[in-house]
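Visitor: I would like the atomic coordinates for the input below:
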Amino acid sequence: MDLDKLPDDILRSFIEDNRGGLTDDDFVNRYLDTVIDGLMLNPLLYRTYGGYWWPLKRLLIARPDYKPECGDSFDTDLNQLFSHSEDILTVAAAYLEQAKNLADKMLSDNHFVYDVAGGESFELTLEDPGMERLLFAERFAQSL
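Guide: I've put the predicted structure just below:
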């Protein structure tokens, strides 16, 4: 399946407009720091990344400061489908996906539709067992 992703030149332009003098690795790490901070405040935010959650989780798991309570696995097929050729392009695409989903008020939705080559659609129901356990534990703790 060939997902209709944002072209690399658009992602690179976005990166250059927001790089602030950072190297590619620093850009990726700063973004992942922000993702971790957001998830610790509100684990439900993972859903706002849509299909890009899986490559983000792959990148998060590889970090030494990753929180194991978020789960230690990711969907390898969806990671491959949504990853770009470079991590910096992947995080830029994830940022733009989240911004679009937040603008569309998709704050807790877990159903997404993506265009694929040939004019067809790919429907995705996002459920990360590790994150869902974290959400359940948070709701349970609030009910006590």
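Visitor: going by C-alpha atoms from here, please, whenever you check contacts or count neighbours.
Guide: Noted.
Visitor: how many neighbours does A103 have?
Guide: Residues lying near A103 (other Cα atoms under 10 Å) number 10.
Visitor: got a list of what the residue nearest in space to the middle of the chain touches?
Guide: Centroid-nearest residue in the chain, with Cα atoms, centre = their mean: W53, separated by 3.0 Å. By Cα atoms under 8 Å, 6 or more residues apart in numbering, the contact set of W53 is Y46, R47, A94.
Visitor: quick one: secondary structure of the second one?
Guide: Under DSSP: H, G, I helix; E, B strand; the rest coil, R47 falls in the helix class.
Visitor: could you do D115 as well?
Guide: Secondary structure of D115, per three-state DSSP, is strand.
Visitor: what distance do you get for it to R12?
Guide: 21 Å (Cα to Cα, to the nearest Å).
Visitor: and E123, how far from D17?
Guide: Distance, E123 to D17, by Cα to Cα: 32 Å.
Visitor: likewise Y49?
Guide: Applying Cα to Cα, the value for Y49 to D17 is 21 Å.
Visitor: the two - which one has more neighbours?
Guide: Neighbours per residue (other Cα under 10 Å) separate Y49 from D17, with Y49 holding more: 25 against 9.
Visitor: quick one: contacts for the closest residue to the more buried one other than its chain neighbours?
Guide: Distances taken as Cα to Cα, 6 or more residues apart in numbering place Q98 nearest to Y49, at 4.7 Å, with adjacent residues excluded. Neighbouring residues of Q98 by Cα under 8 Å, 6+ apart: T48, Y49, G50.
Visitor: how many residues are close by the first one?
Guide: Around T48 sit 24 other residues, with neighbours defined as other Cα under 10 Å.
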